[in-house]
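S.K.: just coords:
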Ligand SMILES: Cc1cc2nc3c(=O)[nH]c(=O)nc-3n(C[C@H](O)[C@H](O)[C@H](O)COP(=O)(O)OP(=O)(O)OC[C@H]3O[C@@H](n4cnc5c(N)ncnc54)[C@H](O)[C@@H]3O)c2cc1C
């Protein structure tokens, strides 16, 4: 293999490649991920700089029958895998706004924060997720939920076109009109179909933003959850956010059970926003212990949760799509929280209705558009001894919640069942796979 890697290096003069023979530098590179539970040993990591580098990598991998992973924001457990060639896109992170046509061109290795900052200069945005450190590539290719999704759909719904390096090492542009089957597959199962080196997204005006968090006590978590669900269901599409049931450190840094409402309004005016979020000010008849909800910039909204997630630890999560949040589901979630092995777990519910459901489920590989709610639960650990109990907690929760689940999110930490991820679109996806990645270079679905 060493001599084959020498061939690859000769094809990529000036491009940085890290391989196992580099010892400490290799370990540092392969562990440079959000979730340190990922402990993969890739064949080599190539820090590509342009489309030509990506093409050379794919052609080399194809001729040597070596599978490939792509590293975007490195938030998932799939960016590096044992004995795979890792194409790391971090240096391909340019973001260019076309204000006239209201689109933004984003290279495949950019992070959400970079895109939001650049777009904010023009007062226009696209729906992206809640953590600025997440990669646009992975988030989008799995679907992509953000605070704007009730209004403008998932990240994939605003894609105008994508430049993709296919498993044959060809650079093509795909859109609704060009290679529509690949365009279908990339929007929800993209990581399994090719390397997206450039996205073009539609942008939407963002006139006024309100955002913040309201922290409630945990005396009546069931009534609070029901009250939140009712308020969000009847809220206009300008309103979004999440309810997070978990543990928040108090002044003495002791984690106490809490319910946090993350709230956003993005719409025509602050006055209208203040009215729209009024029902969230007094959930279940009680005022929050504290609230930071106020007029803000859109970038402040998008970075609100940036500091909450602690990198450099292990975490395991599960993302389910649900038709509704009924009493049984709330009871199950509260019971799960009462059996946590340590107070670092959470259950969060996000609204998944509105414009997400304006797109038919068969139009994109992402298929779970009939669900009204996205439920995430997960747990972090800081010591290796905590890992097993934490994973068992997630698995036990999966068993209990599966009867309510309509499907699972491609962007959750671990993939098990393709049926759960792509549901009714799986057959079509497998046919697309035959055409675009017959040899499963980018993984089997
Ligand atoms: C703290 C945190 C917050 C999150 N918040 C949200 C949220 O608000 N909304 C939401 O929808 N999801 C959210 N997620 C889930 C997130 O979307 C996934 O973890 C996603 O896979 C991360 O993408 P990435 O590029 O950072 O990760 P990576 O690990 O780099 O990539 C993820 C997958 O996509 C592939 N990939 C990445 N870029 C490309 C590319 N350009 N071309 C081809 N394949 C590519 C990779 O090979 C890998 O299979 C969150 C996750 C975390 C950990």
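M.R.: Cool, the structure landed. These numbers come from a predicted model, not from an experiment.
S.K.: Look at the residue most central in space within the chain and tell me its secondary structure.
M.R.: Centroid-nearest residue in the chain, with CA atoms, centre = their mean: residue 139, separated by 3.7 Å. Secondary structure, DSSP: H, G, I helix; E, B strand; the rest coil: residue 139 is helix.
S.K.: Please verify my assumption that it contacts residue 129.
M.R.: Yes. At 5.1 Å, residue 139 and residue 129 qualify as touching, with contact defined as CB atoms under 8 Å. All C-beta spots, glycine's among them, are computed from the backbone N, C-alpha and C.
S.K.: shared neighbours, those two?
M.R.: 112, 155 (CB atoms under 8 Å, 6 or more residues apart in numbering).
S.K.: before we move on, back to that, could you measure the residue nearest to the centre of the chain against residue 32, distance?
M.R.: Applying CB to CB, to the nearest Å, one obtains 18 Å for the distance of residue 139 from residue 32.
S.K.: how about the residues of the stretch 151-300 of the chain near the ligand?
M.R.: Residues of the stretch 151-300 of the chain lying near the ligand by CB under 6 Å from any ligand atom: 190-191, 195-196.
S.K.: Would you pull up how far the helix or strand bottoming out on mean pLDDT in the chain lies from the middle of the chain?
M.R.: Of all the helices and strands that make up the chain, helix 2-11 has the lowest average by mean pLDDT, DSSP states H and E, namely a mean of 90. Between the centre of helix 2-11 and the centre of its chain there are 34 Å (CA atoms, centre = their mean, to the nearest Å).
S.K.: How about stretch 381-392?
M.R.: On CA atoms, centre = their mean, the centre of stretch 381-392 falls 23 Å from that of its chain.
S.K.: Quick one: end-to-end length of that stretch, please.
M.R.: With CA to CA, to the nearest Å as the measure, stretch 381-392 spans 13 Å from end to end.
S.K.: pLDDT score for the residue nearest to residue 179 when sequence neighbours are not counted?
M.R.: Of all residues beyond its chain neighbours, the one nearest residue 179 is residue 172 (6.4 Å), with distances taken as CB to CB, 6 or more residues apart in numbering. Note for residue 172: predicted pLDDT of 98.
S.K.: Could you check how far residue 172 is from the ligand?
M.R.: Note on residue 172: its distance to the ligand, by CB to the nearest ligand atom, to the nearest Å, is 13 Å.
S.K.: same deal with residue 351?
M.R.: Look at residue 351 and the ligand: by CB to the nearest ligand atom, they are 12 Å apart.
S.K.: Tell me which residues touch that residue, please.
M.R.: With CB under 8 Å, 6+ apart, residue 351 has these contacts: 150, 232-233, 240-241, 372-374.
S.K.: what's the closest of these to the ligand?
M.R.: Looking at these and their distance to the ligand, the nearest is residue 374, at 8.3 Å (CB to the nearest ligand atom).
S.K.: check which helix or strand covers that closest one.
M.R.: strand 373-381 (DSSP states H and E).
S.K.: Relative to the whole chain's centre, how far out is that strand?
M.R.: 12 Å.
S.K.: Next: stretch 378-395.
M.R.: 21 Å.
S.K.: List the buried residues of that stretch.
M.R.: The neighbour-count check on stretch 378-395 (16 or more other CB atoms under 10 Å) flags 378-381, 386-387, 390-391, 393-394 as buried.
S.K.: So what touches it?
M.R.: Here stretch 378-395 has contacts from 37, 310, 313-318, 336, 339-342, 344-346, 377, 413, using CB under 8 Å, 6+ apart.
S.K.: Quick one: mean pLDDT for stretch 349-368?
M.R.: Stretch 349-368 comes out with an average pLDDT of 97.
S.K.: Pull the distance from it to the chain's centre.
M.R.: 15 Å.
S.K.: ends of that stretch, how far apart?
M.R.: Distance between the two ends of stretch 349-368: 15 Å, counting by CA to CA.
S.K.: How about stretch 392-412?
M.R.: For stretch 392-412, the first-to-last residue distance is 16 Å (CA to CA).
S.K.: Likewise for stretch 35-49?
M.R.: For stretch 35-49, the first-to-last residue distance is 24 Å (CA to CA).
S.K.: swap in stretch 102-112?
M.R.: 18 Å.
S.K.: again with stretch 306-324
M.R.: 28 Å.
S.K.: circling back to that earlier point, walk me through which strands the strand holding residue 374 pairs with, and which way each runs.
M.R.: Note on strand 373-381: by DSSP bridges, its sheet partners are strand 314-322 (antiparallel), strand 345-351 (antiparallel).
S.K.: How about the secondary structure of residue 116?
M.R.: helix.
S.K.: so it sits right up against residue 300, yeah?
M.R.: No. The criterion here is CB under 8 Å, and residue 116 misses it with residue 300 at 10.0 Å.
S.K.: So if I had to pick from the two, which one is more boxed in?
M.R.: A direct count of neighbours by other CB atoms under 10 Å for residue 116 and residue 300 places residue 116 higher, at 21 against 14.
S.K.: how close does the more buried one get to residue 428?
M.R.: Noted for residue 116: a distance of 33 Å to residue 428, by CB to CB.
S.K.: and if you look at residue 262?
M.R.: Residue 262 is 35 Å from residue 428, by CB to CB.
S.K.: Repeat that for residue 206.
M.R.: Using CB to CB, one obtains 35 Å as the distance from residue 206 to residue 428.
S.K.: who's more crowded, the two?
M.R.: Of the pair residue 206 and residue 428, residue 206 is the one with more neighbours under other CB under 10 Å, namely 20 against 16.
S.K.: The residue nearest to residue 110 when sequence neighbours are not counted: what's it in contact with?
M.R.: Of all residues not flanking residue 110 in the chain, residue 93 sits nearest, at 4.1 Å (CB to CB, 6+ apart). Residues in contact with residue 93 (CB under 8 Å, 6+ apart) are 107, 109-111, 114.
S.K.: how about these, which pair is most distant?
M.R.: Largest separation among the contacts of residue 93 by CB to CB: 107 and 111, giving 10.8 Å.
S.K.: Settle it for me: which of these two has more neighbours?
M.R.: Legend: neighbour count by other CB under 10 Å for residue 107 and residue 111, higher for residue 111 (25 against 22).
S.K.: for the more buried one, phi and psi?
M.R.: With angles defined as degrees, to the nearest 10, residue 111 sits at phi -100, psi 160.
S.K.: my read: it touches residue 132, true?
M.R.: Yes. Contact status for residue 111 versus residue 132: in contact at 6.5 Å, counting by CB under 8 Å.
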